[in-house]
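Novice: fold the following, please.
(chains A and B)
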Amino acid sequence: MILTVAEMSFPTGWIPPYNTLVVAAGVASVGFAAGVVGCFAVLRRRALAGDAAAHATLLGVGLAFLLGGGRRDLPLLLGGALSTAIAALLALVLIGRWTRTRDDAATAIVLGVSFGAGITLLSGISARGIPGSAGLEQFLLGHTAGLTAADAMILGALSLLTVALVALFLKESTLVAFDPLFAAASGWPVTLIDYALVVLVAVMVVVGLPAAGAVLVTALVVIPPVTARQWTDSVGVMLPLAGLFGLVAALSGVAVSSAVPRMPTGPLVVIAASILLTISLLIAPRRGGLARWLRSRRTVAAWAEGRLLEVALRLEAQGPFTREQLLAKAPGVAVDSAFKRLVRSAAIEPVVTRAGTDAWRLAVWGRELAAERSRRLAAWTEVLEAAREDARGHLTIDVPSPEAILGAARMKAIRESAAAARSVSGPA
Amino acid sequence: MSTTSAGLEFHDVTVAYGRRPVLWNVDLTVPGACLFGIIGPNGAGKSTLLKAALGLVPLAGGEVRILGAPLEQVRSRVGYVPQRESVDWDFPVTVTDVVLMGTYARLGWLRRPGPRERSLAAECLDRVGLADVADRQIGRLSGGQQQRVFLARALAQQADVYFLDEPMAGVDARSQERIFRVLSDLRAEGRLVVIVHHDLRSVAEWFDAVALIDMRLVATGPVAEVLTPENLRRTYAGRLDVLDEIGRAVAEGGRTP
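Specialist: Here you go, the predicted model:
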């Protein structure tokens, strides 16, 4: 029924056929859900467990194919995939509990063994030329071209279901991911919530199989959350943002692969996701590499300039000073370039002025800057003595204004407590 | 609230990791409404004793009673401050988010914190002096501030018995004083505060009673009676540098500059 309506509403040729649209919508929701569910895999540091589960899916696909008598029925194959994915997670839990194997080694073992078994089984099936087995290797790297609208609807529905579950239990999941010890002490069934989250990750890994394949589907679960984390400091924002990044990655991967015949979708999805990640790692406002680099550069420059002004103020007591004198008194990184900046900035608002061929003195503005800096330093010293934590949390070498950072009210309180401390410990 | 019975009882509590005992037959009764210190050297099983009380480690034997009842019956009246290093401070939550977690147990499944919980959280943050950083991501705080966030979260639990695991670790003197003030207020309100602590110099100044622990219970009772050179020697056997320091602290009546 829906099909007929859809076909009637889009009769013209340039609109993608109904099947393509449904598959696109399905893949979009898979990408979205993978990003959302992946947030907790990343925050709870369970990303590798998800990878082991993903690699175990191939074995399940092969087994389900044989059990189903060679039918390529997607729900059946995914059911098989889910059961071996969960079996792999169970194996991880058991190895952790009953042997003295470390987590990372256990993960590598389960991943390797289950993947090896899966590949062996699928190779055996395809070597025997069992009818219908031709497309099974598509689960290795992902291939959405063969998806029917019905398949895509199942994938989409499962995705939306997992997103709904995460949204419903957001409070509980965040608590357990952040502080499992506190959660357990206040009576929450931490193990149950933990397992539920890992099973959700396994479900997403299975649902993501057609789009990204067993080898790469973890990337779809892990990369979007890490990307989202660059842009926000709040779980509530991180989840939908990761979903959005996952959606974009999945859709663009599928779109490109549909244009190139026989191109698997998994690698393309991962490439799309990693492009978003790289951009975010570089340009995200606070955590991004560029921002960090600029921040540290600006800080060091401001420190060097401040240091120069401080020295210049002292030198000036004996009249104009030379560049050499200045640099000798303020040895250290970037002082030379800081001096150049001071001279250059003279064009706008004179900081230092020339008093001869190599003789300089501070201009009015320069003297004011230097005085302001020493005032700030003195204020910070006071903060350091009266409220050490505030100083340690906020003082940077560029000597920012303590009032601007701590607030005028807080500074007043600190000053008062410092004065009180002085009157107590000072000479009677 | 006030309790007529003991606040916290350990009866023959033994905890083992594998075959190695961590706590051996600890028999300890803590009265209600006091600041109680659990003191001992590193690896003495102090944190394990706390975790045993909170049901976070399985007991090999013995039982724990809180406010005269098993833990399951009084869980909502118990507050907890874990060690600061036990969580990832880069986690994407704000100070207020963390404090609100103290209200989750009372809210139960699915219900989200509302205006009442938010105003409680704000009040708790105010008590520990963190009102002005309420919206900051928790990683952008100093160690002492992080510790106070945990304390505020415990306050939001509105408990009658509080367990704190090394709340003064990595905390400067002023934060320490602030935390002790809040804890003293809790005692004044009739609550029991049990603190795993290792800085012996501040013990006499703040605590009412202590237990000296080194796998087994060495001594327990009021600070003045328990912190004797003989007891300390038995607890810190072989750690002479520590002993000297403690001896001096005790000789000066606990109050050291």
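Novice: ok, which stretches of the stretch 101-250 of chain A are helices?
Specialist: For the stretch 101-250 of chain A, helices defined by DSSP state H, counting those that start in this stretch occupy the ranges A:103-127, A:138-141, A:149-168, A:170-178, A:180-185, A:190-207, A:209-231, A:235-259.
Novice: how about residue 103, nearest residue that isn't a chain neighbour?
Specialist: No chain specified, so I'll use chain A. Nearest non-adjacent residue to A:Asp103, counting by C-beta to C-beta, 6 or more residues apart in numbering or on different chains: A:Gly96, 6.5 Å away. The way it works is simple: take the backbone N, C-alpha and C, and place the C-beta from them, glycine included.
Novice: that's the wrong chain, I wanted chain B
Specialist: B:Glu117 (4.3 Å).
Novice: quick check: the one you found vs chain A, distance?
Specialist: The spacing between B:Glu117 and chain A, counted by C-beta to the nearest C-beta, to the nearest Å, is 11 Å.
Novice: and the one helix or strand B:Tyr162 maps to, how far from the chain's centre?
Specialist: In this assignment (DSSP states H and E), B:Tyr162 forms part of strand B:161-165. Computed by C-alpha atoms, centre = their mean, to the nearest Å, the chain-centroid distance of strand B:161-165 equals 3 Å.
Novice: that strand packs against which elements?
Specialist: helix B:46-53, strand B:78-81, helix B:143-156, helix B:173-188, strand B:192-197 (3 or more C-beta pairs under 8 Å, 6 or more residues apart in numbering or on different chains; DSSP states H and E).
Novice: mind telling me which of those the model trusts least?
Specialist: Comparing mean pLDDT across the helices and strands packed on strand B:161-165, the weakest is helix B:173-188, with a mean of 90.
Novice: report all helices and strands that it contacts.
Specialist: helix A:388-394, strand B:35-39, helix B:143-156, strand B:161-165, strand B:192-197, helix B:203-206.
Novice: how about that helix: buried residues?
Specialist: B:Arg174, B:Ser175, B:Gln176, B:Arg178, B:Ile179, B:Phe180, B:Val182, B:Leu183, B:Leu186, B:Arg187 (16 or more other C-beta atoms under 10 Å in any protein chain shown).
Novice: residues in the stretch 51-200 of chain B within reach of chain A, list them.
Specialist: Residues of the stretch 51-200 of chain B lying near chain A by C-beta under 8 Å from any C-beta of the partner chain: B:54-56, B:75-76, B:78, B:80, B:82, B:86-88, B:91-94, B:97-98, B:101, B:104-105, B:107, B:109-110, B:112-113, B:132, B:137, B:140-145, B:153, B:157, B:163, B:172-175.
Novice: buried among those? Make that a PyMOL selection.
Specialist: To isolate the buried members of these in PyMOL, using 16+ other C-beta under 10 Å:
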select buried, chain B and resi 54+55+56+75+78+80+82+87+91+92+93+94+97+98+101+104+105+113+137+140+141+142+143+144+145+153+157+163+174+175
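Novice: contacts only, for the closest residue to B:Asp90 other than its chain neighbours.
Specialist: Once flanking residues are discounted, B:Asp90 sits nearest to B:Gly139: 4.9 Å by C-beta to C-beta, 6+ apart. Going by C-beta atoms under 8 Å, 6 or more residues apart in numbering or on different chains, B:Gly139 touches B:Trp89, B:Asp90, B:Phe91.
Novice: for the stretch 201-350 of chain A, which residue gets nearest to chain B?
Specialist: Residue nearest to chain B within the stretch 201-350 of chain A: A:Asp233 (3.9 Å; C-beta to the nearest C-beta).
Novice: wait, doesn't B:Met168 sit right on B:Arg201?
Specialist: No: with contact defined as C-beta atoms under 8 Å, B:Met168 does not count as touching B:Arg201 (10.9 Å).
Novice: pick out whichever of these two has more residues nearby.
Specialist: A count of neighbours by other C-beta atoms under 10 Å in any protein chain shown puts B:Met168 above the other of B:Met168 and B:Arg201, at 21 against 16.
Novice: what about B:Asp135, how many neighbours?
Specialist: Applying other C-beta under 10 Å, we find 11 residues neighbouring B:Asp135.
Novice: now it: how far from A:Val36?
Specialist: Counting by C-beta to C-beta, to the nearest Å, the separation of B:Asp135 from A:Val36 is 24 Å.
Novice: check A:Ile271 too.
Specialist: As for A:Ile271, its distance to A:Val36 is 21 Å (criterion: C-beta to C-beta).
Novice: and these two? which has more neighbours close in?
Specialist: Using other C-beta under 10 Å, the more surrounded residue of A:Ile271 and A:Val36 is A:Val36, with 31 against 15.
Novice: which helix or strand contains the more buried one?
Specialist: Using DSSP H and E, A:Val36 falls in helix A:18-43.
Novice: got the contact list for the closest residue to A:Leu313 other than its chain neighbours?
Specialist: Excluding the flanking residues, the one nearest A:Leu313 by C-beta to C-beta, 6+ apart is A:Ala370, at 4.3 Å. Going by C-beta under 8 Å, 6+ apart, A:Ala370 touches A:Leu309, A:Glu310, A:Ala312, A:Leu313, A:Leu362.
Novice: give me the number of residues near the last one?
Specialist: What that stands for is A:Leu362. By other C-beta under 10 Å, 22 other residues sit near A:Leu362.
Novice: which strand residues bridge it?
Specialist: A:Leu362 forms beta bridges with A:Val352, as assigned by DSSP bridges.
Novice: isn't it up against A:Arg314?
Specialist: No: judged on C-beta under 8 Å, A:Leu362 makes no contact with A:Arg314 at a distance of 10.5 Å.
Novice: hmm, back to that, any idea of the pLDDT on the residue nearest to A:Leu313?
Specialist: At A:Ala370, the model reports a pLDDT of 85.
Novice: now swap in B:Gly170 and tell me
Specialist: 79.
Novice: so it belongs to a strand, correct?
Specialist: No: B:Gly170 sits outside any strand when classified using DSSP: H, G, I helix; E, B strand; the rest coil, being coil.
Novice: that one and B:Ser142 touch, don't they?
Specialist: No: using C-beta under 8 Å, B:Gly170 is not in contact with B:Ser142; the gap is 9.3 Å.
Novice: the contacts of A:Ala370: which two are farthest apart?
Specialist: A:Glu310 and A:Leu362 (10.8 Å; C-beta to C-beta).
Novice: B:Leu56 belongs to a strand?
Specialist: No: read with three-state DSSP, B:Leu56 is coil and lies in no strand.
Novice: show me what contacts the residue nearest the centre of chain A?
Specialist: The centroid of chain A falls nearest to A:Val226 when counting by C-alpha atoms, centre = their mean (2.1 Å). A:Val226 is in contact with A:Val42, A:Leu277, counting by C-beta under 8 Å, 6+ apart.
Novice: what does the stretch 101-250 of chain A put close to chain B?
Specialist: A:168-169, A:171-172, A:174-175, A:177-179, A:181-182, A:184-188, A:229, A:232-235, A:238.
Novice: go with 10 Å
Specialist: By C-beta under 10 Å from any C-beta of the partner chain, the residues of the stretch 101-250 of chain A that approach chain B are A:168-172, A:174-175, A:177-188, A:190, A:228-229, A:232-239.
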